[in-house]
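Asker: Any chance you could fold what I've pasted below:
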Amino acid sequence: MRALRFALALLVVAVLHFVGMQLFPWFFLAADLFLVVLVFNAMDGDTLAGMLGGASAGLLTDALTGGPFGLFGIADTIVGYATAAAGQRLVIQRASSSLLVFCVAAAAQQALVLGISVLILPRPEVPDFRWVLIKVASTGVLGLILYQARTRLLIRMDSWRRSRTSKVRFGR
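Answerer: Numbering: from 1, shown residues only. Now for the predicted structure:
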């Protein structure tokens, strides 16, 4: 069930990414929706799910952005695993903590992409630092919004479960 939800989230994000790139050519420089989904998936501490989710999100990113294939696949696999490993050791119960996790993951991804590019490409492109800061901030904000929406949904579902009444009635 979890893998199906993750695959569905990746599908939705792929459509949003495609639409965003059609409307704004700089969209991927400003926001990485795949990273948001992957970090959200890995925050519960399952390292295998974090690693496999990172690999699939990264390879999908590579396929849709047209860069060197495998660059984001490798970086996102590492970020997914590291986020899940951190999720095993940290208790993230506040929105500010989730914001920090998303921002650190985005900064780590950007550093890994640059490091891998330097290692495998003859002439690596160094991204403009302003776009890196924008991407880290937008990933943090989008992750925070997703985290808070999930928290509110869980609270409402719990409240509904506790307050619902049974529809089964026995006649006299």
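
Asker: Every contact and neighbour count from this point should use C-alpha atoms.
Answerer: Will do.

Asker: ok, and what's touching stretch 102-122?
Answerer: Here stretch 102-122 makes contact (C-alpha atoms under 8 Å, 6 or more residues apart in numbering) with 35-36, 39, 71-72, 75-76, 79, 83, 124-126, 132, 135-137, 139-140, 143-144.

Asker: Give the buried residues for that stretch.
Answerer: 102-110, 112-114, 116-117 (16 or more other C-alpha atoms under 10 Å).

Asker: just how off-centre is it within its chain?
Answerer: 16 Å (C-alpha atoms, centre = their mean, to the nearest Å).

Asker: Out of the contacts of stretch 102-122, list just those in strands.
Answerer: Within the contacts of stretch 102-122, no residue falls in strands by DSSP state E.

Asker: Quick one, which of those are buried?
Answerer: Buried members of the contacts of stretch 102-122, scored by 16+ other C-alpha under 10 Å, are 35-36, 39, 71-72, 75-76, 79, 83, 132, 135-137, 139-140, 143-144.

Asker: so of these, which ones are in helices?
Answerer: 35-36, 39, 71-72, 75-76, 79, 83, 132, 135-137, 139-140, 143-144 (DSSP state H).

Asker: just to revisit the earlier point, I'd like the buried residues of stretch 102-122 written out as JSON lines, with distance to D46, secondary structure and pLDDT added.
Answerer: Shown next, in JSON lines, are these (distance: C-alpha to C-alpha, whole Å; DSSP: H, G, I helix; E, B strand; the rest coil; pLDDT from 0 to 100):
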{"residue": "F102", "distance to D46": "17", "secondary structure": "helix", "pLDDT": "97"}
{"residue": "C103", "distance to D46": "20", "secondary structure": "helix", "pLDDT": "97"}
{"residue": "V104", "distance to D46": "18", "secondary structure": "helix", "pLDDT": "97"}
{"residue": "A105", "distance to D46": "16", "secondary structure": "helix", "pLDDT": "97"}
{"residue": "A106", "distance to D46": "19", "secondary structure": "helix", "pLDDT": "97"}
{"residue": "A107", "distance to D46": "21", "secondary structure": "helix", "pLDDT": "97"}
{"residue": "A108", "distance to D46": "19", "secondary structure": "helix", "pLDDT": "98"}
{"residue": "Q109", "distance to D46": "19", "secondary structure": "helix", "pLDDT": "97"}
{"residue": "Q110", "distance to D46": "23", "secondary structure": "helix", "pLDDT": "96"}
{"residue": "L112", "distance to D46": "21", "secondary structure": "helix", "pLDDT": "97"}
{"residue": "V113", "distance to D46": "23", "secondary structure": "helix", "pLDDT": "95"}
{"residue": "L114", "distance to D46": "27", "secondary structure": "helix", "pLDDT": "95"}
{"residue": "I116", "distance to D46": "25", "secondary structure": "helix", "pLDDT": "95"}
{"residue": "S117", "distance to D46": "28", "secondary structure": "helix", "pLDDT": "94"}
